[in-house]
Each structure stands twice: as C-alpha cells, then as structure tokens.
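K.L.:
dropping the sequence and predicted coords here.
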Amino acid sequence: MHRRNLLAGIAFAGVLPVVGSAMAQSGRTIERGKMQALMGGDFATMSSELALKRGSSAAVRTFAKLEISEQAAVAEAFGARPGSAGVSARHQAMLERLQAARGRDFDRMYIDGQIAGHKELLTIHRRYARSGSDPMARGASTVAVPAIETHLAMLMTMQKSVG
C-alpha cells in the first residue's frame, strides 16, 4: 500500500467517530466500511453543491453536477439517503474554508479537495469491494473504483488549467 494512502486512511479513520448525522442519531448500526464510503460521498456532495453556486469555471460546475448524481447513486446502492451519513470534522472544516473562497481560489480549493477526497474514496471502495459484508454495496464499490480513477484523471487535468 502506498504510504500516502495509508496515511489518508489513518487520518480518515481517526475522525470517523465525529458523525453529526441523522443516520448516527437514528440508532442504526452501519458497518465501518459503509460509513466511511457514505461520509466521503457526503463530503463530495456538499462541496459539489457549493461548487454549483460558487465555481467560476464551467468545468468545475459540470464536474460538480456529475459528482452529486454519482454520490446519490452510491448512497442508494449502500441503502442510505444522500446526506444521511454526515461528514467528519476535517471535512467540515474544509467545507467552511470553501464557503469563504471565491472565484479561481474557490475552483482551486474545490479541485484540491476533490482530489484528496477521491483518493480517500478510492482506498475505501477498493477495500469494501474486496471484503464488504453487503453484496449490493460491494457491487457498487466494485463499479465505483474505475469511476473514481476516471474522476481523478479529470480532476488532475482540471487542476492544471486553474493552477
């Protein structure tokens, strides 16, 4: 495993208990891998909703629409409503920084956040595709892996254009 992926996984796992979500408050128990994927998806969705409003680049706004749709589909395949898992404290802080940004600064921060988030999601979905307990969610993770890899390639291209 790459050191960066390992560190991202450790950092993400360290903030996992901070869930201000309807799902956690409902008393439902969700396995750790599913919760990690759902929380990462909620961050991608929330930041993308901001990008629809604040993004100055047409490419950023187009990517944001795509991301929102895909995360809603993943949440459904995982048996959850989009937005029901909440975000980690680290992701909440990133969202607050994004809310304060404007123009090209917003675009750069959004793209950088999406790249970091997609790298985390790639690790999470690879792991869940191999060993998750829910067959439907495991199938969704299997399909998500190449989609996330494609998103990362798109985001890295976008990063060069707004850099």
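P.N.:
Alright, I've got the coordinates.

K.L.:
pLDDT below threshold where in this structure?
P.N.:
Applying pLDDT under 70 to the chain picks out residues 1-29, 163.

K.L.:
need the helices for it, in chain order.
P.N.:
Assigned by DSSP state H, the helices in the chain fall at 3-15, 22-25, 32-54, 58-77, 89-100, 103-131, 135-162.

K.L.:
so for Gly83, which of these sits nearest?
P.N.:
Closest to Gly83 of these is helix 32-54 (CB to CB; 5.7 Å). Where C-beta positions appear, they are placed from N, C-alpha and C, glycine not excepted.

K.L.:
what are the buried residues along that closest one?
P.N.:
Buried positions in helix 32-54, judged by neighbour count with 16 or more other CB atoms under 10 Å: 33-51, 54.

K.L.:
cool, and stretch 153-163?
P.N.:
Under the neighbour-count criterion of 16+ other CB under 10 Å, stretch 153-163 has 154-155, 158, 162 buried.

K.L.:
same thing with stretch 62-76?
P.N.:
63-64, 67-68, 70-71, 73-75.

K.L.:
of all the residues you listed, which comes closest to Arg81?
P.N.:
Ranked by distance to Arg81 (CB to CB), the buried residues of stretch 62-76 are led by Ala75 at 6.4 Å.

K.L.:
Pro82 is in contact with that closest one, correct?
P.N.:
Yes: judged on CB atoms under 8 Å, Ala75 makes contact with Pro82 at a distance of 4.4 Å.

K.L.:
which residues do the two both contact?
P.N.:
Common neighbours of Ala75 and Pro82, using CB atoms under 8 Å, 6 or more residues apart in numbering, are 41-42.

K.L.:
against Ser133, how distant is Val60?
P.N.:
Distance of Val60 to Ser133, given as CB to CB, to the nearest Å: 36 Å.

K.L.:
who's more crowded, those two?
P.N.:
Val60 (24 against 10; other CB atoms under 10 Å).

K.L.:
what are the neighbouring residues in contact with Ser48?
P.N.:
Going by CB under 8 Å, 6+ apart, Ser48 touches 63-65, 67-68, 71, 114.
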